[in-house]
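sequence-free structure coming up:
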């Protein structure tokens, strides 16, 4: 499809995103976007009660997986900057390690590195929100939700997006928006703590560990349920740039691994609301 | 010396703590308790400026150490509970891995495990603060400071002490009071977050890492400069008790290691105020 920057004045949905014809009734109807939690699922030994899944049939609990039964997920990525995590996820989708397709890039900076990479790779770019100083015909949050639905987006991945996600979007995509933050939340998070400011705060505190956190998004900055973390050691003579580099390396590995897991529906929710990832190699292991 | 529980009405300092006769003028006069920072020290490559030390002579900067020149430090431990960290530190002092003497135990619970262990091992026990319901002749904070000075205490180690350290004590012992907290500060710290409550909070958050933090004490709970941390992985089916056990194991190792380092004067302060530990094996390495 033709890459373009979409503005609301152009929103006539000219090129409909490709739609897969399901072999089995495995993708929900297009207008259903919330998770359907099963009410009766076998209790695993580790007290996992609910399995979030896109299938309406009873899941097999013997751990076997029907590879063809899980469809490729449609992913939208939100970026404000260079887009290095976005690129890694894209490479994973292209290369096959991630069972997903990147169908849309959303950015508040239409010329950022992420947007340019998207355009070069045939991924449509949507600007949101429009800068205030420009004309006032930017997308409203509800319109943004409509666009995402039209594209059939299953998951929204924030990868260095600096604007707060509107409440309408959070409500429309419950437990389907992920963010990555370059510190071990709940430490060093919240409004104003982004990018290099995070790494400076870590070094100033004397903390000896840092690393990326991937979490589900709720209506505030960096406070949703933690899904994955990876730790790096902070060394005595670290500069913010050096620490950032080591953390970024872990971010790339972690985000690709987590996106692969959500596309394969390996996210399970513990009784107390903590999301866990089911190991691909051993379905009885969670982490 | 005779072990006893000391109350303020008994404070005539009957049994003076043993005083070492210094061979060289290496211990400061008894009434000098604050650090004397040297003004002219070579700058290390990693931007260390000040070395806190008890000696008044110019330090050798070639990394060599005169083992006899560093006297054994006098340690006071504050405990409210079982005292497992206290016991480990005591074993280190007795066994020689820690160049220190435990000269005093302070507790708000005179029958706690730590107090009983102290009495069994000839360490005087001081109760502070006195419970409100008893007579009002408990030690005041200033009197507590006086007792510590009388005992020649070099460092105060909080090891599961649940009362807030009075401002008078913090001022009298700047950069010489350490605390251990069973989480990776600045996360999961502050008033009300102690003991099992910490581990429950960690599990509820979904954080994937926890572990002990040792920090210098200022006038609030858990906010002073971080000196050391050790990370343990949180696993999917952890209970608070299981996590607590894994963290406690690390606490014991870390506290003994850090107390050994402070007794050997291997704490160095970075320009930005973060304290670092100089490696024993390689004086050019800091962590």
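Done, it's in. Please read these numbers as outputs of a predicted model, since none were measured by experiment.

and the residue lying closest to residue A:158 once chain neighbours are set aside, how many neighbours does it have?
Spatial nearest neighbour of residue A:158, excluding adjacent residues (C-beta to C-beta, 6 or more residues apart in numbering or on different chains): residue A:179 at 4.1 Å. In this view, the C-beta of every residue, glycine as well, is placed from N, C-alpha and C. For residue A:179, the count of nearby residues is 24 (other C-beta atoms under 10 Å in any protein chain shown).

kindly report the same for residue A:254.
Residue A:254, neighbours per other C-beta under 10 Å, totals 22.

neighbouring strands for whichever strand or helix holds the residue nearest to residue A:158, and are they parallel or not?
Using DSSP states H and E, the element containing residue A:179 is strand A:177-181. Strand A:177-181 has the following strand partners under DSSP bridges: strand A:155-158 (parallel), strand A:213-216 (antiparallel).

would you mind giving these as a markdown table with distance to residue B:74 and mean pLDDT added?
Below are those laid out as a markdown table (distance: least, C-beta to C-beta, whole Å; pLDDT from 0 to 100):
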| stretch | distance to residue B:74 | mean pLDDT |
| --- | --- | --- |
| strand A:155-158 | 54 | 98 |
| strand A:213-216 | 42 | 97 |
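
deepest of those, which one?
Of all those, strand A:213-216 has the most neighbours on average by mean count of other C-beta atoms under 10 Å in any protein chain shown, namely a mean of 24.

next helix or strand past that one?
Next along from strand A:213-216, by DSSP H and E: strand A:226-229.

tell me which residues form a beta bridge with the residue nearest to residue A:158?
Under DSSP bridges, the beta-bridge partners of residue A:179 are residue A:158, residue A:215.

from chain B, how far out is it?
Residue A:179 sits at a distance of 14 Å from chain B (criterion: C-beta to the nearest C-beta, to the nearest Å).

contact residues of chain A facing chain B?
Residues of chain A found near chain B (C-beta under 8 Å from any C-beta of the partner chain) are A:45-47, A:184-188, A:203-209, A:211, A:215, A:225-231, A:235-237, A:270, A:272, A:274-276, A:285-287.

go again with 6 Å.
Within chain A, the residues that sit near chain B (C-beta under 6 Å from any C-beta of the partner chain) are A:46, A:186-187, A:206-209, A:225-226, A:229, A:231, A:236-237, A:274, A:276, A:286-287.

give me the buried positions along the helix or strand just after the strand holding residue A:179.
Next helix or strand after strand A:177-181 toward the C-terminus (DSSP H and E): helix A:196-205. For helix A:196-205, the neighbour count (16 or more other C-beta atoms under 10 Å in any protein chain shown) marks A:198-203, A:205 as buried.

which other helices and strands does helix A:196-205 contact?
helix A:240-263 (3 or more C-beta pairs under 6 Å, 6 or more residues apart in numbering or on different chains; DSSP states H and E).

quick one: mean pLDDT for the helix it packs on?
Across helix A:240-263, pLDDT averages out at 98.

what does that helix contact?
Contact partners of helix A:240-263, identified using C-beta atoms under 6 Å, 6 or more residues apart in numbering or on different chains, comprise A:73, A:85, A:88-89, A:92, A:97-100, A:155, A:180, A:182, A:196, A:199-200, A:210-212, A:214, A:228, A:230, A:232, A:277.

what angle sits between it and helix A:196-205?
120 degrees (axes from the mean of the first three to the mean of the last three C-alpha atoms, to 10 degrees).

from the chain's centre, how far out does the helix or strand just after helix A:240-263 sit?
Proceeding N to C from helix A:240-263, the next assigned helix or strand is strand A:267-270, under DSSP H and E. The chain centre lies 16 Å from the centre of strand A:267-270; the measure is C-alpha atoms, centre = their mean, to the nearest Å.

strand A:267-270 pairs with which strands?
strand A:48-53 (antiparallel), strand A:275-277 (antiparallel).

so who does the residue nearest to residue A:158 touch?
Contacts of residue A:179 (C-beta under 6 Å, 6+ apart): A:158, A:215, A:217.

how close does it sit to residue B:116?
50 Å (C-beta to C-beta, to the nearest Å).

just checking the distance from stretch A:101-120 to the centre of its chain.
On C-alpha atoms, centre = their mean, the centre of stretch A:101-120 falls 15 Å from that of its chain.

so what's residue A:212 up against?
A:180, A:182, A:230, A:250-251, A:254.

cool, residue A:170 as well?
residue A:219.

could you pull out the strands in the stretch 1-150 of chain A for me?
A:5-6, A:36-37, A:48-53, A:73-79, A:100-107, A:125-127 (DSSP state E, counting those that start in this stretch).

least confident of those strands, on average?
Looking at these, the weakest mean confidence is strand A:36-37, a mean of 36.

any idea how far the spatially closest residue to residue A:99 that is not a sequence neighbour lies from residue A:87?
Excluding its sequence neighbours, the residue lying closest to residue A:99 (C-beta to C-beta, 6+ apart) is residue A:263, at 4.1 Å. Applying C-beta to C-beta, the value for residue A:263 to residue A:87 is 17 Å.

below-threshold pLDDT in the stretch 1-150 of chain A: ranges please.
Counting by pLDDT under 70, the stretch 1-150 of chain A shows low-confidence ranges at A:1-68, A:134-137.

taking the stretch 51-200 of chain A, what residue is nearest to chain B?
In the stretch 51-200 of chain A, the residue found nearest to chain B is residue A:187; the distance is 4.1 Å by C-beta to the nearest C-beta.

separation between the closest residue to that residue other than its chain neighbours and residue B:193?
Sequence neighbours aside, residue B:187 is the residue nearest to residue A:187 in space, at 4.1 Å (criterion: C-beta to C-beta, 6+ apart). Here residue B:187 is placed at a distance of 10 Å from residue B:193 (C-beta to C-beta).
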